[in-house]
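Asker: Take this sequence and fold it.
(one chain, ligands or ions: 1)
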Amino acid sequence: MEAERLLEEAARRIATSKHCVALTGAGISTESGIPDFRGPKGLWRKYDPEDFTLRSFLSNPAKYWRLHLEIFAGLDRAKPNPAHFALAELERLGKLKCVITQNVDGLHQKAGSRHVVELHGNLGKARCLSCGREYPMGEVEGRVAGGENPPKCSCGGLLKPTVVFFEEPLPFEAFRKAEEEALKCDLMLVVGTSAVVYPAAELPYLAKFKFRPSSPLWFSSGLGEGKTAIIEVNMEATPLTGIADLSLFGKAGKILPRLVERVRSMLE
Ligand code: APR
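Answerer: Numbering: from 1, shown residues only. I've put the predicted structure just below:
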């Protein structure tokens, strides 16, 4: 009964929201066969995140590209799952203004979402660090698999995936847009993120309290009583669960389609 009641209440909040946005993490893509990072079968249980810092890439690009082939090759063949399609449907219903994603798999766009902010870039391309020329990732992966490692641009420059490595700043325009949406929204649907990697993890706090937890004014400003609703969809509790108005625990691929179905019937 509790799960049904929570779903009904979450649907009601979404149906009556004026500006709902979603923040998604790797957990929304696990049902597409893409492992997350910190879950029970997460990538960081097998690989060292240190090998995915900008410093590590620049000091040994051939090592990164070897790991890239092992982990990410063929990502372009991944397909959206019902969770991605549900968010695209919520956008079509006019109840989701934007998806802010930490994912680099492009699955929200493949599912039909049109307003997507990619905070950590997209693995579909590689860019020359010298001249900025871009190449389709499939072509670059083919060259690395054929022995050209590290892959180079026609100008001789080093090619790097168009994703954000640890210790690398986020794309300015993407984060500016994400902050703008967090400040504007009256509801944030947070799906499949452990909410531990900043600055993305700050967005739900910014959404709820319209202030940053890192700000010294955080508590003295009396903004603690957040007006914006946070609805969390995750397999388990996260640091956000404490500020979430509703937490729906379970697989996003199961919960989101049922949630959107309830929203649709409430809008009819
Ligand atoms: N349904 C709902 N939640 C899920 C599912 C699922 N099917 N599968 C996994 N999860 C949850 C996990 O319980 C976990 O809380 O999704 C979350 C995934 O967390 P992480 O693996 O930490 O992924 P994410 O939060 O996106 O990581 C943020 O860290 O490593 C960097 O740049 C990388 O963008 C990534 C960032």
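
Asker: Flag every buried residue along stretch 108-123.
Answerer: Counting neighbours by 16 or more other CB atoms under 10 Å, one finds that the buried residues in stretch 108-123 are 108-111, 113, 116-123. No exception for glycine: its C-beta is placed from N, CA and C like everyone else's.

Asker: Within range of the ligand, give me the residues from the chain.
Answerer: Proximity of the chain to the ligand, by CB under 6 Å from any ligand atom, involves residues 25-27, 30-31, 36-39, 42, 102, 120, 192-194, 197, 233-236, 238, 251-253.

Asker: Leu203 contacts Ala182, doesn't it?
Answerer: Yes: assessed by CB atoms under 8 Å, Leu203 is found in contact with Ala182 at 4.7 Å.

Asker: Neighbour count: the two, which is higher?
Answerer: Leu203 (27 against 22; other CB atoms under 10 Å).

Asker: circling back to that earlier point, from the residues of the chain next to the ligand, which land in helices?
Answerer: Among the residues of the chain next to the ligand, the members falling in helices (DSSP state H) are Ala252, Gly253.

Asker: And the helices in the protein?
Answerer: With helices called from DSSP H, the chain shows them at 2-16, 54-59, 61-71, 82-92, 107-110, 137-145, 172-184, 203-209, 252-267.

Asker: ok, of the residues of the chain next to the ligand, which come out buried?
Answerer: When the residues of the chain next to the ligand are checked for burial by 16+ other CB under 10 Å, the buried set is 25-27, 30-31, 36-39, 42, 102, 120, 192-194, 197, 233-234, 238, 251-253.

Asker: Could you list the domains of the chain?
Answerer: The record, using automatic domain parsing to delimit domains, assigns the chain the ranges 1-34+79-120+170-268, 35-77+121-163.

Asker: among the ones you listed, which is the most enclosed?
Answerer: Stretch with highest mean neighbour count among the domains of the chain: domain 1-34+79-120+170-268 (a mean of 19; mean count of other CB atoms under 10 Å).

Asker: Quick one: mean pLDDT for it?
Answerer: The average pLDDT for domain 1-34+79-120+170-268 rounds to 93.

Asker: Quick check: the residue of this structure nearest the ligand.
Answerer: Gly27 (2.1 Å; CB to the nearest ligand atom).

Asker: which residues touch that residue?
Answerer: Counting by CB atoms under 8 Å, 6 or more residues apart in numbering, Gly27 touches Asp36, Gly39, Val191, Gly192, Thr193, Ser194, Asn234, Met235, Ala252.

Asker: Distance check, it against Gly132.
Answerer: 33 Å (CB to CB, to the nearest Å).

Asker: same question, Thr241
Answerer: Going from Thr241 to Gly132 by CB to CB gives 42 Å.

Asker: Contacts made by the longest strand seen in the chain with the rest, please.
Answerer: Longest strand in the chain, counting residues (DSSP state E): strand 121-128. Strand 121-128 is contacted by residues 72, 75-76, 104-106, 133-137, 140, 151, 153, 155, 157-164, 171 when judged by CB under 8 Å, 6+ apart.

Asker: got it, and stretch 151-159?
Answerer: By CB under 8 Å, 6+ apart, stretch 151-159 touches 61, 65, 126-131, 133, 135, 140, 143-144, 150.

Asker: what's the closest of the residues you listed to Val21?
Answerer: Using CB to CB, Arg127 is the member of the contacts of stretch 151-159 that lies nearest Val21, at 27.9 Å.

Asker: you'd agree Lys97 is up against Ala22?
Answerer: No: applying CB under 8 Å as the test, Lys97 and Ala22 come out as separate, 9.1 Å apart.

Asker: so Gly138 touches Gly74, yeah?
Answerer: No: when contacts are counted by CB under 8 Å, Gly138 is not listed as touching Gly74 (9.1 Å).

Asker: joint contacts of Leu203 and Ala182?
Answerer: Ile100, Met188.

Asker: Just give the strands next to the longest strand of the chain in its sheet, each with its orientation.
Answerer: The strands that strand 121-128 pairs with in its sheet are strand 134-136 (antiparallel), strand 159-163 (antiparallel) (by DSSP bridges).

Asker: Could you check the angle it makes with helix 172-184?
Answerer: Going by axes from the mean of the first three to the mean of the last three CA atoms, to 10 degrees, strand 121-128 is angled at 160 degrees with respect to helix 172-184.
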